[in-house]
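>>> Got a predicted model here, sequence first, then my questions.
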Amino acid sequence: MKKLIKLQIVFFITLLFITNTAYCAEKEVLLKTTSTWDKAEYKKLKIKKPEVTVLKIIINAGEVLPMHKHDLVNVAYVKKGTLTVVSDKNEEITLHKGETLPELIGKYHYGKNTGNEPVELIVFYVGEKGTPLSVNK
């Protein structure tokens, strides 16, 4: 009888542990990469004082951003719309809602809204504190 009670206690403790540690959050890897969209490998990052910035950027229908570059790592998530990014070598990539873009580093490029609705981006930047997020040409 005591053995049965001990077994039941162990069972209930295990059940409590499992139900309390289980969670309902879902996750999906949107991007895992070692390079930018033009296949340039990330080099060893030497950041003494890291700074992370997250921006929400809205690009209106038909709008074209100026030619610019980034001297830090950044990744864009397209929350809404259609965005085309064009490099200074006329390489281009088009992204739609739900897609991600590991942006070019140290190479000039521009983005343009090629859809009929505003593009909404969430952009994550990681670099040395004080580094400009972008530099226009």
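Noted; the coordinates are in hand.

>>> ok, now how distant is Lys48 from Glu117?
41 Å (C-beta to C-beta, to the nearest Å). Backbone N, C-alpha and C define where each C-beta goes, glycine included.

>>> hmm, I was thinking of Ala61
6 Å.

>>> who has more neighbours, Lys48 and Glu117?
Glu117 (12 against 6; other C-beta atoms under 10 Å).

>>> Identify the residue nearest that one in space, chain neighbours excluded?
Gly81 (5.3 Å; C-beta to C-beta, 6 or more residues apart in numbering).

>>> Could you count how many residues lie near that neighbour?
Gly81 has 21 nearby residues by other C-beta under 10 Å.

>>> helix/strand/coil for Lys48?
Following DSSP: H, G, I helix; E, B strand; the rest coil, Lys48 is assigned to coil.

>>> and it, what is it in contact with?
By C-beta atoms under 8 Å, 6 or more residues apart in numbering, the contact list for Lys48 reads Glu128.

>>> Look at it and report its pLDDT.
We have a pLDDT of 91 for Lys48.
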